[in-house]
Each structure stands twice: as C-alpha cells, then as structure tokens.
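[1] Here is a sequence with its predicted model. Questions after.
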Amino acid sequence: MSRTESLQSEASGKDWLPGSLVSPSITPVMTPGTQTPSSFELGPKGVPVEPQPVPKALMKELPKVECVVRARIPTTQGSEIFLHLYTNNMDNKEHLAIVFGDQIRSKSLDAVRPGETEFDRMVRGAYTGRLRPGRTSSRFDDSPHSSPSLPTTSTPAPSSSSPSDAPLVRIHSECYTGETAWSARCDCGEQLDEAARLMSISPTGGAVVYLRQEGRGIGLGEKLKAYNLQDLGNDTVQANLLLRHPADARSYGMATAILMDLGLKEVRLLTNNPDKIAAVEGPGKEVVVKERVPMVPLAWRGLKGGVTGKEVGEYLKTKITQMGHLLPMPDDLQQ
C-alpha cells in the first residue's frame, strides 16, 4: 500500500485526533476560521492539501484571565523583569506575561480578594515599590529609597500620541526545542532574546505575552513527529498537514485578554506575521497595534549570535513563501 493510500485509509477509518505531551486536549486545536484537520484532501505526493483559507474569524468573546501571582526576576543580563502568571476559563495552562519596567501592572492582580491580609497580598505580588525584610504593607513602601506615596491600584498605560510612544509587545508561543534544547531548526529562541533586549532598553518598557501553545499549537509530541517528517523531505507546513494538523493551529484571544488586563491598549507589536496583528487586536479592537516592528534574524542583518544553518533557512523560507510572513528573504534562499 502506498503512503497516499495508507493516509486515505487512515483518514476515512477514524477521526484522526492525535494526542499531545504538552497541550491538553481541551486546548482549541485550530486557528479560528480555519477548516478542521479531518477535511484535508490528499495531494499527489500524499501530502494533505489544506483547503483555501477562509477569512480568519476573531473570537466572539475573549477569555477571562486572572493574574494569580507576580514576582520580580533579576536576569542574567542585569535587568529586572516582573513575571506574571495567568489562569483563564478556557484551558488549564499557565500562560505568562514577562513585563519590563515598573509602569505596567495587572488589574486583576491588584484587585482586593476577600479575607486576604497585607502579607497575603505581598506574597502573591500585589505590592507597590519593592519588597524588603520587615515590610508590613503592600500599599506603602516606607523604605528610605522609596517614594513617600505610592499608588494603591494599578493605572492603565497612558495613551500614546505617536507609535513610538507605545510600549513594545511580543506575543510569543512556547518553543521548548528552540528555547531550551538549542535547536537550530527555528529562530524562536533568538526572537525571544531579541524581544527581551529591545524591551530592556526601551524607555516605554514592554511585555512578552508567553502563550503555552507549543509547536504552533500542536504540542511537543506532534512537533517532534513533524521534525522527523522534515528529515524525510517535507517542509514545516507539509509536515503539519501530514499529521492532520493545520499549518498553524494557534489562536491569540488569550494574548488580547492579557494585554487588556495589563492596561496595554496601544502597542508596538514585534512580529513578522500579519495574521497576528488582526488577531491580537481582538474582535472589538480592544487592543490597537500602532506599529509593526519587524523581527529580522540577526544573521540576515550581518550580526553575530543569531541562529544559522540549512534547517533554519528553510524554515524561514517556508514561513515567507507559504505563510505570508513579512520578511525580506536573502538572495541565497531565493533559489
């Protein structure tokens, strides 16, 4: 039996919904507005052909998110960040916001909770100023180096008069292989590092919304299968389709809800993905992207420290040619 016949038999015999080692089954398995994986037809080489895409529908209702804890993180680069951990009403994942600067605060974190003490508030990170031994109030920092009066509630970031005044924001999807396992198949780790560098030197600060949707939403187990399919000669899009997944199964309503909770209604978005702009802005334009800031690979700019190699080159080429990413391709990849 040929590969095409095998796949056709498999698709007709059962609903093909592979499990995942990371993403729980209750996570939406596709981008809103796309066709279901089971509707794919097989092309001449046995690769499922994704139907013509329909306009990507925005979520009719954004998730409800709550920041349950915030902590100060001194980084190895010398800067400090505030890590916010979020829960929500759509999945059981712990999505994150990595905040640079002290002007961006969560409204849900600062909200008073029944029966909590000042100590409880400080432990979950709902304090102003800085923690220190002996501090007793979450609302007032009486250390010699603090301001005499500090706000007791969060305030939204001020509206920007020009795009350059808006905080930088990066919506980043989890990538274990690129961020932890030193993979040169993608530039995800490089993008995360570059976003952090830019936000740490920006006068307006910024935030990385870190979404737990590994492998463009298909999970780590399926992503590793896709890597094996790539070694067999398929590109990153074909590999996903062979596994009966959309080319991109991510959604961004969670990010919109988190940005709203952080008071970030106008942002400069670090991305090459045009679909991400409309998705992040939300169904009612809850967030406005004032400017798209490109994420050009370091190696393509002639800088050191970037990811290089045949695999990452082919990965980026596929994102440009098949997924519409807004990135100028170097001459050596256009052949």
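    Cool, got the structure.
[2] So residue 263 versus residue 80, what's the distance?
    Distance, residue 263 to residue 80, using C-beta to C-beta, to the nearest Å: 20 Å. Every residue, glycine included, has its C-beta placed from N, CA and C.
[3] Which strand or helix spans the closest residue in space to residue 237 that isn't next to it in sequence?
    With C-beta to C-beta, 6 or more residues apart in numbering as the criterion, residue 237 has its nearest non-adjacent residue at 4.5 Å, and that residue is residue 247. Following DSSP states H and E, one finds residue 247 outside all helices and strands.
[4] what are the phi and psi angles of residue 72?
    Note on residue 72: backbone dihedrals following degrees, to the nearest 10 are phi -80, psi 130.
[5] Tell me what it is bridged to.
    Bridge pairing for residue 72 (DSSP bridges) gives the partners residue 82.
[6] how near is the residue nearest to residue 237 to residue 186?
    14 Å.
[7] can you give me the helices for the stretch 201-335 of the chain?
    Using DSSP state H, counting those that start in this stretch, the helices of the stretch 201-335 of the chain run over residues 214-217, 220-231, 236-242, 253-261, 274-281, 310-321.
[8] Can you tell me how far residue 98 is from residue 204?
    Counting by C-beta to C-beta - residue 98 and residue 204 are separated by 15 Å.
[9] In three-state terms, label the residue minimising distance to the centre of the chain for me.
    Centroid-nearest residue in the chain: residue 172, 2.5 Å away (criterion: C-alpha atoms, centre = their mean). The three-state assignment at residue 172 reads strand, by DSSP: H, G, I helix; E, B strand; the rest coil.
[10] Kindly report the same for residue 129.
    coil.
[11] What is the burial count for it?
    18 (other C-beta atoms under 10 Å).
[12] can you check residue 227 too?
    If we define neighbours as other C-beta under 10 Å, then residue 227 has 17 of them.
[13] so it touches residue 185, yeah?
    Yes. Between residue 227 and residue 185 there is a contact at 6.6 Å, judged by C-beta atoms under 8 Å.
[14] what sits in contact with each of the two?
    Both residue 227 and residue 185 are contacted by residue 177, under the criterion C-beta atoms under 8 Å, 6 or more residues apart in numbering.
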